[in-house]
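Q: requesting a structural model of the entry that follows:
(chains A and B)
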Amino acid sequence: MTAPTDTPPHGSGRDPEHDAAHGPAQGPTRNPARDAIPPAPTPPDPAAPDPAAPDTKALAAGARGNRLAAFAGAREGVLAITLVVVLVGITLGSHGDFWSHVNINNLLVRIAITAIPAIGMTLVILTGGIDVSIGSMLGLVAAVGGLLFQAGWSVWAVAPVFVLLGAGFGLVNAAIILGGRVPPVVATLGTLSIFRMAVFLVLGSNWITMIPPELTTLFITSRLWVLPVATVVALVLMILFALFLRGFRTGRHIYAIGNNAEAARLAGIKVRRLELYTYVLLGAFTGIAALLTLGQSPLVQNSTGTGFELGVIAAVVLGGTELSGGKGTILGTALGTIIVELIKDGVVLMHIQPFWGGVLLGGIILVSIGANRRFPGKAAGTKGAGG
Amino acid sequence: MGATGFQPGRIGVLVLLTILALGGFALGDPGILSGPNLYSMAVFSVEIGIIAFGQTLVICGGDGGIDLSVGAIGALAQVLLGLAITAGLPWPLAVAICVAAGAGMGMINGACVTRLDIPPIITTLATMFVFSGLALVLTGGINIDLTTASAAFLFLGQGAIAGLPFQLVALYLPALLILIAVQHRAGFGRALYLVGTSTTAARLTGLRPNRIRARTYAIAGLMAGIAGAIGAARLGTASPEALGQANLISIAIVVLGGSSIFGGDGSVVGTMVATVLIGVVNYGLSYMNFNPVYQAGVMGLILIGAVLIDNAISGRGLSALPFRMTRSTG
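A: So this is what the prediction gives:
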């Protein structure tokens, strides 16, 4: 059990002090007065803020920081190697079909559809939460949005509705989890089935096929540089959030919450508010994914989005984000997303029974995290000593 | 406050709710109170009730303990049973394979959680997809017909003893008695409460928390295997999609039954009473011809509602970080 005292000097020495050096760069984003709060309410107090933790254990921190840095490097290295192996395997297994224009295009769009919510999921998991409801959420957003399309709304009018609806459903999850203090798994397992019920209430057993073709031309078939617009959107969001998590104070706060929420709270971080934002953001991004899904295949039925959450969670977890919070990167999530989508694509291309998809995905998650936990040495696996 | 075990107040409330639910459905259609319907309710509740027993122990072990794979374990075990019977193996051997496979899958979960240190949610979410995927692969997604299997096998799920369902009298109630003894009388049960309340305290007492937790997953798998066998015998079919919502419903039952989702508290007795309530609600909804998706939705509402009300009443969760399931509590 990771006791609070164990607060790892996360992310290779990127502690808040280090951030302070970046202060000027991010000044404009947050009001400076609030940024100044942390030291004020909690006077020099050994129990308190995150910055203190590494200091008091500077010795251990140095050693462990290096090891973590090496380990993080290794993690992404392992992912890159996995990626190449999977790619070679699929190329051979599909007799080159993999590299056809059609397949690469579809794959790029599917990567985008998984990657965008995966950003939100990374933030949620970094704070120590999780959301298993996004598959049904995507279905519900698509169903309501689909009805609006059917009613003749234009793409430009409906697109914001998708995002807002998603954000609203994310807010519902956040309210139950944070307001009601229901553990995230339990709350979102509940809303997983509640949202799905709502999809049935909205759609019955009808299908919606009246999706305007502009949606497809806009996001899927038209390109910026060489990439489909959907992929560019995903790429831009990934870069923005990678920068946000690395260099911005609020981004660092998200890591602080995951490492030790109590310490983060004592340090003046608005823990609950930030956690709420992460769930709402995940919802909004799921809304975007719903929009892109309709662009890719213009059909809504009551099973739309079923199982979508697993791919997203798999991508994030495969990318090295730890479920206990406080550790993980957007780059890892991006690599994880690509691997997950490659595997799904490979199953189709190699004409393997589609049922193997779930087996492979589940197996890869277990092997990847298991290996990750088993080999980094004692620093990361202290809990294993229990048995 | 751990190890409170029986909670007379809660059990009273659950009984009252059960009567209200029954009354409500009876207002819609009095036919639901007929003997055959009550009998069917018992039959339907046994499988999920047995699974909920295993879930109770897993959740009791604390540290984010939860098993999302119970339904998939039951389905894969059931498929193995179906394949064994179609391959011509005698049915007792097939049932033994089913139950052993369930326990084996539970042990895989336990090993992943305790030896590889993978959080329970991720472990069981992943194994859920692995197991149900394998069940689909083995069958090609098609149900295996067992209606021509030995009558003695079908008796497991269709037989009656003294006018009561066989599986209720011969499997569920004995399982309940054994688990009451294990949880409230045996050293394992006491140890489990302590492990669920505080890993550190348990370790300092000389217990091995991981070993105890691993056992709870094995038991949960075993229970799911038994439920899978009963289900196959009841329907005369082995389906790769059996027990689809078992994870959601069993967790709802456990929470309703008074187990703390944070571990270290609760009793299989509470689980049993909550099973009756959920069994009535579920049966009533399908009796009223509600789509299974609505049943699942109602279960979701009940699950969240139960935790919300629990938190409101007990004031639990007002301490630090109640909403982090993985790692930090304790």
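
Q: how far away is B:Leu154 from B:Ala160?
A: Here the distance between B:Leu154 and B:Ala160 works out to 12 Å (Cβ to Cβ, to the nearest Å). Where C-beta positions appear, they are placed from N, C-alpha and C, glycine not excepted.

Q: the two: who's more crowded?
A: Neighbours around B:Leu154 and B:Ala160, counted as other Cβ atoms under 10 Å in any protein chain shown, are more numerous at B:Leu154. The numbers are 19 against 14.

Q: was I right about that one contacting B:Gly236?
A: Yes: with contacts counted by Cβ atoms under 8 Å, B:Leu154 reaches B:Gly236, the gap being 6.1 Å.

Q: what touches both of those two?
A: When contacts are counted by Cβ atoms under 8 Å, 6 or more residues apart in numbering or on different chains, B:Leu154 and B:Gly236 are jointly contacted by B:146-147.

Q: what parts of the stretch 1-150 of chain B come near chain A?
A: Near chain A, the residues belonging to the stretch 1-150 of chain B are B:63-64, B:66, B:68, B:112, B:114-119, B:121-123, B:125-130, B:132-134, B:136-137, B:140-141 when assessed by Cβ under 8 Å from any Cβ of the partner chain.

Q: strands of chain A, start to end?
A: In order along the chain, chain A carries the following strands (DSSP state E): A:223-224, A:227-228.

Q: name the helices or strands packed onto the last one?
A: Strand A:227-228 sits against helix A:101-126, with contacts defined as 3 or more Cβ pairs under 8 Å, 6 or more residues apart in numbering or on different chains; DSSP states H and E.

Q: run a quick neighbour tally on the closest residue to A:Val172 other than its chain neighbours.
A: Distance criterion Cβ to Cβ, 6 or more residues apart in numbering or on different chains; nearest residue to A:Val172, sequence neighbours excluded, is A:Thr191 at 6.6 Å. The number of residues packed near A:Thr191 is 30, by other Cβ under 10 Å.

Q: what sits against A:Thr191?
A: When the contact criterion is Cβ under 8 Å, 6+ apart, the partners of A:Thr191 are A:133, A:136-137, A:169, A:172-173, A:176, B:300, B:304.

Q: could you dump those residues into JSON lines and include neighbour count and distance to B:Asn311?
A: What follows is the contacts of A:Thr191, written out as JSON lines (neighbours: other Cβ atoms under 10 Å in any protein chain shown; distance: Cβ to Cβ, whole Å):
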{"residue": "A:Ser133", "neighbour count": "29", "distance to B:Asn311": "19"}
{"residue": "A:Ser136", "neighbour count": "28", "distance to B:Asn311": "24"}
{"residue": "A:Met137", "neighbour count": "34", "distance to B:Asn311": "24"}
{"residue": "A:Phe169", "neighbour count": "28", "distance to B:Asn311": "22"}
{"residue": "A:Val172", "neighbour count": "18", "distance to B:Asn311": "17"}
{"residue": "A:Asn173", "neighbour count": "29", "distance to B:Asn311": "16"}
{"residue": "A:Ile176", "neighbour count": "23", "distance to B:Asn311": "11"}
{"residue": "B:Gly300", "neighbour count": "28", "distance to B:Asn311": "17"}
{"residue": "B:Ile304", "neighbour count": "23", "distance to B:Asn311": "11"}
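
Q: which intervals of the stretch 201-330 of chain B have sub-threshold pLDDT?
A: By pLDDT under 70, the weakly predicted segments of the stretch 201-330 of chain B are B:315-330.

Q: all helices of it, in order?
A: Taking DSSP state H, counting those that start in this stretch, the helices of the stretch 201-330 of chain B run over residues B:209-235, B:246-256, B:268-287, B:292-314.

Q: can you give me the strands for chain B?
A: With DSSP E as the criterion, chain B has strands spanning B:144-145, B:160-161, B:164-165, B:237-238.

Q: which one of those is the most hemmed in?
A: For the strands of chain B, the largest average neighbour count (mean count of other Cβ atoms under 10 Å in any protein chain shown) is found in strand B:237-238, namely a mean of 24.

Q: wait, does it contact chain A?
A: No: against chain A, strand B:237-238 shows no contacts by Cβ under 8 Å from any Cβ, the least distance being 15.7 Å.

Q: pairing partners for that strand, with directions?
A: Neighbouring strands of strand B:237-238 in its sheet, by DSSP bridges, are strand B:144-145 (antiparallel).

Q: spell out which parts of the stretch 201-350 of chain A neighbour chain B.
A: Taking Cβ under 8 Å from any Cβ, the part of the stretch 201-350 of chain A that reaches chain B is made up of A:260-262, A:275, A:302, A:310, A:313-314, A:317, A:323-325.

Q: tell me which of those residues fall in helices.
A: Secondary structure defined by DSSP state H assigns A:261-262, A:275, A:310, A:313-314, A:317 of those to helices.

Q: can you add neighbour count and give those residues back as CSV?
A: As requested, these are arranged in CSV below (neighbours: other Cβ atoms under 10 Å in any protein chain shown):
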residue, neighbour count
A:Ala261, 25
A:Glu262, 17
A:Glu275, 25
A:Leu310, 22
A:Ile313, 30
A:Ala314, 27
A:Val317, 31
